[in-house]
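Q: sequence unknown, structure follows:
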Ligand SMILES: O=C(O)c1ccccc1NCC(=O)[C@H](O)[C@H](O)COP(=O)(O)O
């Protein structure tokens, strides 16, 4: 059985980056979305990523980015993947991957089983599908809001690509989430914060422990 991959998302300080690495995270996420309390500029991502050992993935999270935005992020040479967290189509995701030569993750907003079925259109166009809860229409952020969806929708689903589970995960529920979905990767942001955008080292450590035991 291979080890559960863990992505800690929305990191913005050297302390919390170090804590996530030491706690065993396989991937770190850096949100580049100005309206987010977790927003970090490309240069900050470069500096934070320089603290990360090569075996840990470094993922920039963006939503409906312009090509210039992607170019600036890719130019940091700090990233192992770009996570598209907006309304990008399969064609747009494939074009980003081809143009910028970087692995692409696509967040799939889930409310119903139809949303999971629709993810099939991205297989082949992206490198990983990240199933996350759909945020309400008009919400300030497309992710990082601590919302979860009905995990049983993923039970027994055949997903034609590497994938992960996100949305409303916490120290207390990650074991149940993995038991239900058999997710190979879990992603968390607000569940390891003390306030929006403020990551909590103790919560990061506790989450990684709980995920590893699941
Ligand atoms: O976290 C943000 O502020 C954010 C802003 C814009 C696009 C995506 C964003 N987060 C995406 C993530 O990958 C989160 O980790 C994911 O939505 C789960 O968040 P949470 O439910 O708070 O654990």
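A: Alright, I've got the coordinates. In this text the structure is predicted, and so the values were computed from the model without any measurement.

Q: Doesn't residue 15 belong to a strand?
A: No: per DSSP: H, G, I helix; E, B strand; the rest coil, residue 15 lies outside any strand segment and is helix.

Q: wait, doesn't it sit right on residue 201?
A: Yes: contact criterion C-beta atoms under 8 Å: residue 15 and residue 201 qualify, at 6.6 Å. Glycine gets a C-beta too; all of them are placed from N, C-alpha and C.

Q: higher neighbour count, the two?
A: Shown here are residue 15 and residue 201; by other C-beta atoms under 10 Å, residue 201 has more neighbours (17 against 11).

Q: Enumerate the residues of the chain near the ligand.
A: 9-10, 29, 31, 33, 36, 38, 61, 63, 85, 132, 141-147, 166-169, 187-191 (C-beta under 6 Å from any ligand atom).

Q: Recalculate using a threshold of 5 Å.
A: Contact residues (C-beta under 5 Å from any ligand atom) of the chain with the ligand: 9-10, 31, 33, 36, 38, 61, 63, 85, 132, 141-144, 146, 166-168, 187-191.

Q: Just the buried ones from those residues?
A: Neighbour-count burial (16 or more other C-beta atoms under 10 Å) is assigned, among the residues of the chain next to the ligand, to 9-10, 31, 33, 36, 38, 61, 63, 85, 132, 141-144, 146, 166-168, 187-191.

Q: roughly how far apart are residue 173 and the ligand?
A: To the ligand, residue 173 is 11 Å away according to C-beta to the nearest ligand atom, to the nearest Å.

Q: Look up the pLDDT of that residue for me, please.
A: Model confidence at residue 173, given as pLDDT, is 98.

Q: got it, and residue 121?
A: We have a pLDDT of 94 for residue 121.

Q: Is it located within a helix, as I assumed?
A: Yes: membership of residue 121 in a helix is supported by three-state DSSP.
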